[in-house]
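**Student:** sequence and predicted model, in that order:
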Amino acid sequence: MSLFQLLSVSASGMAAQRTRAETITENLANAETTRTPEGGPYRRKDVVFASAGQSSPFGSVFQQAMGPGVEGVEAAETVIDAREPEKRYQPGHPDADKDGYVAFPRISPAEEMVNLMGASRGYQANVNALLAVRDMLHRSLDLLK
């Protein structure tokens, strides 16, 4: 695997972790949302990663140099939680049913924060790999001077 392939793989990891972090922050922002345009409470979302072939934005010549089989990661899909919403007794709430219960999303802010920290650390690990490859490229160029 060449250094340029490593750059591509790290960039794909950063993009996937960014998508994951955006989804987690959406979950946190809607942790108390009881009414959505689709009806009912907000549903928690999870991002599913899958391996993906990498393409180069630098053109076909660079792509040929990368060769086949370079795998990165992508956010393949977003899965919506299908569990029943959490019911809380709040008879004065505008979204309460006839028994006084309100349907809330099944979102744990503490769990979402842990997931966000994981996404942040995954992103940072890809940045560190990218910086290490950059340093190797700079040192290689210095040797050729």
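**Tutor:** Sure thing, it's come through.

**Student:** for the protein, what are the low-confidence residue spans?
**Tutor:** 1, 54-70 (pLDDT under 70).

**Student:** show me what contacts the residue most central in space within it?
**Tutor:** The residue lying closest to the centre of the chain (Cα atoms, centre = their mean) is Arg20, at 1.5 Å. Arg20 makes contacts with 47, 49, 75, 115, 119, 122, as judged by Cβ atoms under 8 Å, 6 or more residues apart in numbering. Placement of C-beta: from N, CA and C, glycine included.

**Student:** distance check, it against Gly122.
**Tutor:** 8 Å (Cβ to Cβ, to the nearest Å).

**Student:** also Leu141?
**Tutor:** Taken as Cβ to Cβ, the span from Leu141 to Gly122 is 29 Å.

**Student:** pretty sure Glu32 is touching Pro109, no?
**Tutor:** No - assessed by Cβ atoms under 8 Å, Glu32 is found out of contact with Pro109, at 9.7 Å.

**Student:** before we move on, the earlier item: any idea which helix or strand comes after whichever strand or helix holds the residue nearest to the centre of the chain?
**Tutor:** Using DSSP states H and E, Arg20 sits in helix 3-29. Remark: after helix 3-29, the chain's next helix or strand is strand 45-53, criterion DSSP H and E.

**Student:** what angle separates that following strand from helix 3-29?
**Tutor:** Between the axis of strand 45-53 and that of helix 3-29 there is an angle of 170 degrees, by axes from the mean of the first three to the mean of the last three Cα atoms, to 10 degrees.

**Student:** what pairs with strand 45-53, and is each one parallel or antiparallel?
**Tutor:** strand 71-80 (antiparallel) (DSSP bridges).

**Student:** any buried residues in the partner strand, and which?
**Tutor:** Using 16 or more other Cβ atoms under 10 Å as the test for burial, strand 71-80 gives 72-75.

**Student:** what do you get for stretch 83-90?
**Tutor:** Across stretch 83-90, burial judged by 16+ other Cβ under 10 Å covers Pro85.

**Student:** run through who's touching it.
**Tutor:** Residues outside stretch 83-90 that contact it (Cβ under 8 Å, 6+ apart): 40-41, 96, 100-106.

**Student:** which among the residues you listed end up buried?
**Tutor:** By neighbour count, with 16+ other Cβ under 10 Å, the contacts of stretch 83-90 hold 41, 96, 101-105 as buried.
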